[in-house]
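S.K.: turn this into a model:
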Amino acid sequence: MEGEIHQNNIETRSEQVANYALIGINRAWEIINDVDSLPLSVDFNYQQIAEHLKENATSFGRALFNMARDTQGEERLKYIQGLERAMIIIGRDDTEKLLSNIMTTSESIQELHRKAEEELPTSGKIREKTSVLRELISLLFSRFKK
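M.R.: Got it, this is the predicted structure:
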């Protein structure tokens, strides 16, 4: 009984960390995609979010990856896209460290993304958006291998 309560607390904590990370990641992603905003190099809000993500990359990455593995469908897609976006935001060097720290590979992340897409209903719009993100991630990962 006590072990079960402890396990539930761990799962709840992981979900809280993952959802907290998603808030910052999604805000940074909005700033990146806002063509009318300041350049990222001088946008104070973006710089703060990106720095916070870099400082907490391992704990955020681990929580997002675990939640992506433990959920299905739209929930899985939400967490795996958050992880992929975080990897773009933090940059190549920090992404390599992150993958090493959470003991996974870019291929396993891409596989989780593929599984999440397969679990979704066959909505063309959702699949189109996720495939565009997957292409961006593939380009990012292909640069790591060089």
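S.K.: go ahead and flag the most central residue of the protein.
M.R.: Geometric centre of the chain, nearest residue: L83, 1.2 Å, by Cα atoms, centre = their mean.
S.K.: surely that one meets G61?
M.R.: Yes. At 6.2 Å, L83 counts as touching G61 under the criterion of Cβ atoms under 8 Å. The C-beta positions use only the backbone N, C-alpha and C, and glycine is treated the same way.
S.K.: where does the chain dip in pLDDT?
M.R.: Within the chain, the segments meeting pLDDT under 70 span 1-11, 122-146.
S.K.: and the helices in it?
M.R.: Under the criterion DSSP state H, the chain contains helices at 2-33, 44-55, 57-70, 73-90, 92-101, 106-119, 124-144.
S.K.: picking up where we left off before, need the contact list for the residue nearest to the centre of the chain.
M.R.: Counting by Cβ atoms under 8 Å, 6 or more residues apart in numbering, L83 makes contact with 61, 64-65, 68, 109.
S.K.: touching, L40 and Q48? I think so.
M.R.: No. With contact defined as Cβ under 8 Å, L40 does not count as touching Q48 (11.9 Å).
S.K.: shared neighbours of these two, anything?
M.R.: Both L40 and Q48 lack any common contacting residue under the criterion Cβ under 8 Å, 6+ apart.
S.K.: stretch 60-72: which residues count as buried?
M.R.: For stretch 60-72, burial by neighbour count (16 or more other Cβ atoms under 10 Å) applies to 60-68, 71.
S.K.: next one: stretch 104-119
M.R.: Residues 104, 106, 109-110, 112-113, 115-117 are the ones in stretch 104-119 that count as buried (16+ other Cβ under 10 Å).
S.K.: want to try CSV for the residues you listed, with distance to L22 as columns?
M.R.: Compiled in CSV, those are given as follows (distance: Cβ to Cβ, whole Å):
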residue, distance to L22
T104, 18
S106, 20
I109, 16
Q110, 19
L112, 16
H113, 15
K115, 19
A116, 15
E117, 18
